[in-house]
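Colleague: Sequence plus predicted model, see below.
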Amino acid sequence: MFLPTLLLLILPGETEIQKKLGLGINQEIIDKAHSRRSNLHKILLDDMTHSTLPDCSFECVVSVEVLEHVEQDAQFVREVHRVLKPGGFFLMTTPNGDFVKNTSNPDHKRHYEREQLRKLLCSCFANVQVEYAVRDGYFHTLGLGSWSIRHPWRTVCSMTGNVVNSIQSARKKLRDQARGTLHLLTTARKRD
């Protein structure tokens, strides 16, 4: 069965910092995404702090490493809640502020500590779970290498790093381990 996917992004990168860091989207990225993804139904540019999307229109909203860039974080969460259908899920990741200090990316407004993020999401959502995720270390760093057919050894090393880091990060005890984890992984559910 074919299930269309909607890729929803905030606005294109407009500040000098965003342009320098390659944040945001442009027509070239949109065209490339459409050419690579057969299940991509539509790419929509929208500001999720003042969204034009209709109420209760999505069963799931996914936000990967976005909230730390948003100045109006509470408004962002309210808008996500508004566009979700009753019983819908909000899945998100953001840097783990209990371990990763907000010093490396000038576009990050904040890094959330676990309890801080839980309180923010509980202001709108009934059921919120925030876990620590992705173990820091040698294999995580190795996995960040680029993949290219022109550099097969680098590609193999990066793939190996990702596999090993995935195994390390899958351990249940990691969910409650602030030290040594890079991200917060959140699941929030809207009341039925």
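Modeller: Yep, that arrived. Since we're looking at a predicted model, the values are computed, not measured.
Colleague: Show me what counts as buried in the helix or strand harbouring residue 163.
Modeller: Assigned by DSSP states H and E, residue 163 falls within helix 152-169. Residues 158, 161-162, 164-165, 168-169 are the ones in helix 152-169 that count as buried (16 or more other C-beta atoms under 10 Å). All C-beta spots, glycine's among them, are computed from the backbone N, C-alpha and C.
Colleague: And residue 130, its phi and psi?
Modeller: Residue 130 adopts backbone torsions of phi -120, psi 120, taken as degrees, to the nearest 10.
Colleague: quick one: contacts for it?
Modeller: By C-beta atoms under 8 Å, 6 or more residues apart in numbering, the contact set of residue 130 is 114, 117-118, 121, 184-186.
Colleague: What mean pLDDT does the helix holding residue 163 get?
Modeller: Taken as a whole, helix 152-169 carries a mean pLDDT of 92.
Colleague: Give me the sheet partners of the helix or strand that that helix is followed by and which way each runs.
Modeller: Reading on from helix 152-169 to the C-terminus, the next helix or strand found by DSSP H and E is strand 181-189. Partners of strand 181-189 in the sheet, by DSSP bridges, are strand 84-95 (antiparallel), strand 127-135 (antiparallel).
Colleague: Reformat those into a markdown table and put mean pLDDT and distance to residue 75 next to each item.
Modeller: Below are those laid out as a markdown table (pLDDT from 0 to 100; distance: least, C-beta to C-beta, whole Å):
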| stretch | mean pLDDT | distance to residue 75 |
| --- | --- | --- |
| strand 84-95 | 95 | 14 |
| strand 127-135 | 95 | 18 |
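Colleague: Of all the ones you listed, which one is nearest residue 190?
Modeller: Within the strands paired with strand 181-189, the stretch nearest residue 190 is strand 84-95; the backing value is 4.6 Å (C-beta to C-beta).
Colleague: Check the offset of the closest one from the chain's centre.
Modeller: How far strand 84-95 lies from its chain's middle: 11 Å, per C-alpha atoms, centre = their mean, to the nearest Å.
Colleague: now what about it, what contacts it?
Modeller: 56-68, 80-81, 102, 108, 111-112, 117, 121, 125, 133, 182-192.
Colleague: Kindly give a single PyMOL line that selects the buried subset of those residues.
Modeller: Only the buried entries of these go into this PyMOL selection, using 16+ other C-beta under 10 Å:
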select buried, resi 58+61+63+67+68+80+81+108+111+112+117+121+125+133+182+183+184+185+186+188+189+190
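Colleague: Among the contacts of strand 84-95, which ones are in strands?
Modeller: Using DSSP state E, the members of these that fall in strands are 58-64, 133, 182-189.
Colleague: middle-most residue in this protein, spatially?
Modeller: What sits nearest the mean C-alpha location of the chain, by C-alpha atoms, centre = their mean, is residue 64, with 0.8 Å.
Colleague: List the contacts of that one.
Modeller: Residues near residue 64 by C-beta under 8 Å, 6+ apart: 92-93.
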